[in-house]
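Asker: Following is a predicted model, sequence given first.
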Amino acid sequence: MENIQTNSMEKSKTFHPIYILATLYMLSIYLTPVLIMLLKTYDNDDATLDYGFLLLLPIILDIVNLVVVIVNRNKLDRDVFLHCTLIIKYGLIPFYIIGGAVIALCGLLTFTPVVIMIFVGPMMVITLSVTGWIAMIGAMPFSITYIVKSAKEGANGKFISIAAAIAQVFFTFDVISIMILAIKERKCIKATIIYMILAVVAIFSFILFVIISSI
């Protein structure tokens, strides 16, 4: 029994190429809007096709993540899927903070006297929200697989596992639920505490921003 536990721990600590996939996905979410802005700056005759490909890139990578996880779900330790989840979710926290601030700003500008913002504001809110949700979906194959495996292996109870699984489709709650499970399993505790502090600061800053903007 001890040998099995030791092998499992060693397996979870070894580097696996799937970490590269999770890292590349996280980076692609940041690079996609940057590439679109660069393409818009240096416009050309094929720009329409290029825009379409860049907008589809996160969706394509979502599918790639799903396929890779399905193929490896029974081959890898649950800690590997947890680490991949943390790479994506923790790495995208600044993306969601900035995106949330922009969404709030666009929402507030909708109520300004500028007529065009009545149409542009809601459109931007919907577009950015959908984009953020698509980015969130990319982590779900990793997080759901981790949650299911942890429940089957008795690391987490049925209730908390179901609650965490449901939370994966809601902004902010998806990160909080994974943070709780990571701390409960004593995994990446230092990084989790740091990001929890940053998340709290960001939430209060966001609330303060909304209050000041509405005055």
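Answerer: Received it, and whenever you're ready, just let me know what you need. Numbering: from 1, shown residues only.
Asker: So K75: helix, strand or coil?
Answerer: coil (DSSP: H, G, I helix; E, B strand; the rest coil).
Asker: ok, it - contacts?
Answerer: Under the criterion of Cβ atoms under 8 Å, 6 or more residues apart in numbering, the contact list for K75 is empty. Quick note: C-beta positions are derived from backbone N, CA and C, even for glycine.
Asker: Same check on V64?
Answerer: Contacts of V64 by Cβ under 8 Å, 6+ apart are L21.
Asker: Against I189, how distant is it?
Answerer: Per Cβ to Cβ, to the nearest Å, V64 is found 30 Å from I189.
Asker: repeat for H16
Answerer: H16 is 21 Å from I189, by Cβ to Cβ.
Asker: what about the two, which has more around it?
Answerer: Neighbour count, other Cβ atoms under 10 Å: between H16 and I189, H16 has more, with 17 against 11.
Asker: what's the more buried one sitting at in phi/psi?
Answerer: Backbone torsions for H16, taken as degrees, to the nearest 10, come to phi -130, psi 140.
Asker: excluding its backbone neighbours, what's nearest it?
Answerer: In space, H16 comes closest to V80 once its chain neighbours are excluded; the distance is 5.6 Å by Cβ to Cβ, 6 or more residues apart in numbering.
Asker: Would you confirm that the one you found contacts L21?
Answerer: No - V80 lies out of contact with L21 (Cβ atoms under 8 Å); the separation is 11.2 Å.
Asker: And those two? Which one has more around it.
Answerer: Legend: neighbour count by other Cβ under 10 Å for V80 and L21, higher for V80 (24 against 19).
Asker: sec struct for N156, please.
Answerer: coil.
Asker: looking at it, it is touching S150, isn't it?
Answerer: Yes - contact between N156 and S150 holds when scored by Cβ under 8 Å: they sit 4.6 Å apart.
Asker: hey, what's in contact with both of these two?
Answerer: By Cβ under 8 Å, 6+ apart, the residues touching both N156 and S150 are L181, E185.
Asker: how about low-confidence regions in this structure?
Answerer: In the predicted model, the chain carries pLDDT under 70 at residues 1-14, 39-55, 114-115, 199, 206, 209-211, 213-215.
Asker: what ranges do the strands span in it?
Answerer: Counting by DSSP state E, the chain forms no strands at all.
Asker: Many thanks, I have nothing further to ask.
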